[in-house]
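Asks: When you get a sec, could you give me coordinates for this:
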Amino acid sequence: MIPVYFVPFHIYNCKFENCLKVPMPRIFFLVFFIMTMWACSQQSTRPAAKAFHNINAKYNAIWQADRLYKELYTKSWEERNENYSLPLSIFPSIDSSFGQAHSNEIGNLIRKASLVIDRHQNSKFIDDAYLIIGKGRLIKGDIKNATETFKYINSIEHDEITQASALIYLYQIYIDQKDFESALNVENYIKEVPLNASQKTDFILNKAYYHQVKNEIPIAIALLNEEIAHIKSKIQKARLHFVLGQLFQSQGKNSLAQENFNQVKNNKPTYELLLNAQIASKKLTGQVGDLEKMLKEPKNLDKQSEIYLALGQISYATKDFEKAREYWSKASNNNPNKGELYLKLGQLFVSPLKRYPEAALYFDSAATYLPSSHLEFNSAQKLKKNWAYFNQLNKVILEEDSLQILGRKSTEELSQLYQKYVQAKSKKLDSLQKKTEVKSNIAATYTRRPTSPEQQSFYFYNDMARIQGSQEFNFKWGNRTLEDFWNRKNKNASTGSDIISPSIAVAKKSNTPDSNSAVSEDSLQKWIASIPRSLLQITNSNKKIEQSLFKIGKFTQLEIGLDELAKTKLLTLLDRFPSTEFEAESLYLLYLSSSVEKNLYREKLAQRYPDSYFRQLILKLETGTLSLNKEEEVQKAYEKAYYSYVARDYVNCYSSCQNIQNKYPNSKLEDKIVFLMALCKGGTKDISEYSMQLKKFIQIYPLSPLKPEADALLKALNQNIR
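Replies: A predicted model of the protein is given here:
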């Protein structure tokens with residue numbers, strides 16, 4: 001109700017009979033105020049009340065909120081950073097950082113729309129207010145509450161246009177979340193609601209987006225190609241032509257892709273979109289010369305990384321891998337998507353360049369620079385971990401091989417090598433000291449006054465202390481550039497691969513004297529003692545190489561999935577160490593990594609290790625699950641073998657179990673058969689074989705009901721041996 005002080009004082013105080021004497025204009029004025037007071041009620045269903053609240057809702061709160069939303073929506077398009085080197089989606093993903101940066105403006109938008117709900121409850125624009133609130137929450141990145149808001153709109157009395165808009169937004173949210181079942185349910189509702197022209201366009205674009213996310217590209221192309229002409233926004237239309245060009249390119253339709261990339265410039269795109277459309281067009285036709293010209297244009301100075309990336313992709317497509325590496329290395333400068341580029345470089349160094357230590361470094365950088373929200377983040381973290389472990393094992397092999405080469409040299413030759421190394425290190429430190437002195441002299445010219453004796457105690461005022469500190473740092477870490485993560489172990493100042501480098505590492509561990517002192521006999525002897533020269537030292541060194549070769553072959557096959565690399569390492573193992581303890585498992589891994597020579601490794605494993613668990617694994621892979629009849633045959637054969645065990649005919653029982661394993665691999669009784677084989681070895685008093693069989697059973701069948709019994713037998717056996 002309007003407060004009484006709005007009514008003129010003389011009208012408020014007059015009696016009823018006196019009011020009749022009031023002039024006619026004043027009576028109309030009184031009637032107007034009475035009608036206004038009636039219309040202010042939110043619960044009133046009278047036409048005047050509803051008209052009053054409709055006008056106030058639409059032309060006050062709704063108008064202001066809608067204007068704020070349009071401003072925010074325009075800003076979101078202008079401030080969006082997109083990675084044009086990757087396939088763009090028809091609808092860009094919601095950027096939560098935008099919502100954080102504009103949280104006050106979005107809060108004001110939601111507050112304005114909420115006024116309609118709080119003060120105009122009998123207005124027909126309640127659903128419009130909820131729609132604006134939902135859109136505000138969506139642009140903020142508050143997906144959960146936006147979803148609930150759009151759902152709520154369909155549960156209240158609403159107009160069909162607002163309902164359709166809410167359903168289309170809900171449809172898009174479910175597609176973003178890849179909840180395709182819910183998206184299809186919403187799509188069915190949308191088809192039952194009448195849509196205006198703008199809503200039809202939005203719905204078809206969302207339908208194309210649905211098929212793009214599901215990787216049904218031909219359907220997405222057909223829908224997008226049909227509807228792109230009806231889009232009014234020039235900026236959106238330019239972007240969708242770029243998306244359509246990428247989709248056509250992914251399907252190998254380069255001429256249609258070229259047409260769409262050329263259409264971008266006809267629709268008032270942003271400069272960044274236009275530049276990337278030109279790059280994509282020239283990359284499609286392999287116009288290296290034009291791209292190199294674009295590098296020299298001053299306006300493209302900040303976008304050189306994108307051009308270098310395109311040049312690298314052209315070189316990669318033409319199998320000029322070294323050129324691709326060169327371009328992509330240049331593209332890493334001032335590149336906002338360094339993580340993706342380092343990932344691409346890492347994959348290039350793995351295959352086809354096959355320079356694995358460098359690949360490990362790039363994967364490490366990719367894992368550092370990729371944001372946690374990136375699609376490749378988890379993959380990069382796994383690649384970093386895998387290749388770091390590969391590098392660690394490979395480094396052991398290289399160092400031990402280098403040390404063994406040094407071990408074959410005479411004492412005099414080793415002494416000369418050591419002296420050369422110390423002299424080279426001394427020269428390097430002297431040169432570094434001179435550079436430091438020059439820098440300190442230059443810096444001294446800017447000093448306003450000489451430091452006092454009291455100030456000499458402060459490290460950075462003491463020139464001698466700083467020079468000495470710089471020398472110590474460079475001796476320990478090398479000459480490193482000023483950058484993030486400078487102190488990582490894998491950031492070596494030098495990547496030389498000569499045989500001296502491992503010995504340098506050993507020399508450092510042996511407290512090699514610094515450049516200002518002579519080569520001491522004691523340090524030389526310590527360094528020589530660390531080189532494998534005796535039979536025991538060489539044996540230990542070979543053991544490290546053998547274990548590392550096996551680990552690296554197995555890891556590469558099972559974790560990294562590079563069959564050829566795994567095969568190379570395992571064949572090197574079997575060639576250098578013919579009697580290796582890892583032969584059986586190596587033959588099994590070679591069987592997995594080979595396509596043509598599978599039979600060769602299977603037969604060799606069967607001949608040399610007929611009872612091996614790895615042979616059983618191969619039989620399982622080739623045989624598959626046994627039929628019911630085969631399982632019955634296994635049951636009968638097992639019972640027969642068990643009767644032999646009860647009769648203490650352990651040799652015959654073991655032989656029968658072995659035949660069952662060979663003839664019926666992957667049976668349901670496999671754990672019982674292997675356990676019975678172990679018991680047979682115990683019966684024949686073959687303690688070492690008995691212990692090995694029990695350990696093998698526990699390792700292979702950890703979920704078997706016989707495992708507790710096997711644990712108890714092994715524990716008792718170990719106690720008796722002690």
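Asks: contacts and neighbour counts: CA atoms only from here.
Replies: Noted.
Asks: Leaving out chain neighbours, which residue sits closest to A366?
Replies: Nearest residue to A366 in three dimensions, chain neighbours excluded: G339, at 4.3 Å (Cα to Cα, 6 or more residues apart in numbering).
Asks: contacting residues around the one you found?
Replies: Applying Cα atoms under 8 Å, 6 or more residues apart in numbering to G339 gives the contacts S365, A366, A367, T368, Y369, L370.
Asks: same thing with F261?
Replies: Going by Cα under 8 Å, 6+ apart, F261 touches H241, F242, G245, A277, Q278, A280, S281.
Asks: and with 10 Å instead?
Replies: Going by Cα atoms under 10 Å, 6 or more residues apart in numbering, F261 touches 238-246, 255, 274, 276-282, 284.
Asks: ok, so of the contacts of G339, who is nearest L669?
Replies: A367 (45.9 Å; Cα to Cα).
Asks: Near the closest one, how many residues? Count them for me, please.
Replies: Using other Cα atoms under 10 Å, A367 is surrounded by 24 other residues.
Asks: Give me the pLDDT for it.
Replies: We have a pLDDT of 90 for A367.
Asks: so which strand or helix has the nearest residue to N335 once chain neighbours are set aside?
Replies: Excluding its sequence neighbours, the residue lying closest to N335 (Cα to Cα, 6+ apart) is S305, at 5.7 Å. Using DSSP states H and E, S305 sits within helix 304-317.
Asks: quick one: that helix to chain centroid distance?
Replies: Centroid separation between helix 304-317 and its chain, computed with Cα atoms, centre = their mean, to the nearest Å, is 22 Å.
Asks: just to revisit the earlier point, let me have the contacts of G339 in a markdown table, extended by secondary structure.
Replies: Formatted as a markdown table, the contacts of G339 follow (DSSP: H, G, I helix; E, B strand; the rest coil):
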| residue | secondary structure |
| --- | --- |
| S365 | helix |
| A366 | helix |
| A367 | helix |
| T368 | helix |
| Y369 | helix |
| L370 | coil |
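Asks: Farthest pair within those?
Replies: S365 and L370 (8.5 Å).
Asks: Touching both of these two, which residues are there?
Replies: With contacts taken as Cα under 10 Å, 6+ apart, the residues that reach both S365 and L370 are K338, G339, E340, L341, Y342, L343, A380, Q381.
Asks: following the helix or strand encompassing V651, which helix or strand comes up?
Replies: Using DSSP H and E, the element containing V651 is helix 650-663. Downstream of helix 650-663, the next assigned helix or strand under DSSP H and E is helix 670-683.
Asks: could you give the angle of that following helix to helix 650-663?
Replies: Angle, helix 670-683 to helix 650-663, by axes from the mean of the first three to the mean of the last three Cα atoms, to 10 degrees: 150 degrees.
Asks: tell me what helix 670-683 is packed against?
Replies: helix 628-646, helix 650-663, helix 687-700, helix 707-721 (3 or more Cα pairs under 10 Å, 6 or more residues apart in numbering; DSSP states H and E).
Asks: Now do whichever strand or helix holds Y152, average pLDDT.
Replies: Taking DSSP H and E as the definition, one finds Y152 inside helix 143-153. Averaged across helix 143-153, the pLDDT comes to 89.
Asks: which helices and strands sit right next to the helix or strand just after that helix?
Replies: Later in the chain than helix 143-153, the nearest helix or strand by DSSP H and E is helix 160-176. Applying 3+ Cα pairs under 10 Å, 6+ apart, one finds that helix 160-176 contacts helix 126-140, helix 143-153, helix 180-191, helix 197-213.
Asks: Show me which parts of the second one are buried, residue by residue.
Replies: Neighbour-count burial for helix 143-153 flags I143, A146, T147, T149, F150, K151, Y152, I153 (criterion: 16 or more other Cα atoms under 10 Å).
Asks: Turn those residues into CSV, including distance to E322.
Replies: CSV is the format used below for these (distance: Cα to Cα, whole Å):
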residue, distance to E322
I143, 45
A146, 50
T147, 50
T149, 55
F150, 53
K151, 55
Y152, 58
I153, 59
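Asks: Out of those residues, which comes closest to A113?
Replies: Using Cα to Cα, T149 comes nearest to A113 of these, at 12.8 Å.
Asks: ok, of the contacts of F261, which come out buried?
Replies: Among the contacts of F261, those buried by neighbour count (16+ other Cα under 10 Å) are 238-246, 274, 276-282, 284.
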